[in-house]
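Q: Generate coordinates for the sequence data below:
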Amino acid sequence: MALGHIGYEYIVGNARGGLAIPMEQFLREQRWIPTAIVAEGNRTEVSSDVNVAREEVEAANRPGAQVEVKYGVPTVAYLGVGYVAYLVYLLLFNYSAFASLP
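A: This is a model prediction of the structure:
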């Protein structure tokens, strides 16, 4: 499932290297991992820690600025989908194991 999703993101252009998006779009969408802020011709690197980097970008919110980003999907999303698929499998094909789950 993860390979299918990553393949899709690559085809639509989200997973291909760096991308510069407007500041407003970055603040609206949580899927981006910031790498730098580009404002008035100046490029400023941000922290490699995703949470700290997001706070740095939010603090530097300037109209017309762009944010260099990478696309990111948390691994936990893939694990969660896999777990739900496993529960459905148990429910359909091994109900006794499903019923014995805590």
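Q: Show me the longest helix that occurs in this protein.
A: The helix spanning the most residues in the chain, taking DSSP state H as the definition, is helix 75-93.
Q: pLDDT on that helix, on average?
A: The average pLDDT within helix 75-93 is 87.
Q: Following the chain onward from that helix, which element is next?
A: Note on helix 75-93: by DSSP states H and E, the next helix or strand toward the C-terminus is helix 95-99.
Q: Check what contacts that next one and list those residues.
A: Helix 95-99 is contacted from outside by L87, L90, L91, using C-beta atoms under 8 Å, 6 or more residues apart in numbering. C-beta here means a position set from N, CA and C on the backbone, and glycine is covered the same way.
Q: Which parts of this protein belong to which domain?
A: What the record gives for the chain is the domain set 2-71, 74-102, from automatic domain parsing.
Q: Turn those into CSV, columns for mean neighbour count.
A: What follows is the domains of the chain, written out as CSV (neighbours: other C-beta atoms under 10 Å):
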stretch, mean neighbour count
domain 2-71, 14
domain 74-102, 11
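Q: coming back round to it: quick one: the contacts of helix 95-99 as a markdown table, columns for distance to N51 too.
A: Output for these, formatted as a markdown table (distance: C-beta to C-beta, whole Å):
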| residue | distance to N51 |
| --- | --- |
| L87 | 30 |
| L90 | 35 |
| L91 | 36 |
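Q: which one of these is nearest G64?
A: Closest to G64 out of those is L87 (47.7 Å), distances taken as C-beta to C-beta.
Q: now the closest one, nearest residue through space, not along the chain?
A: Using C-beta to C-beta, 6 or more residues apart in numbering and skipping the chain neighbours, the partner closest in space to L87 is F98 (7.0 Å).
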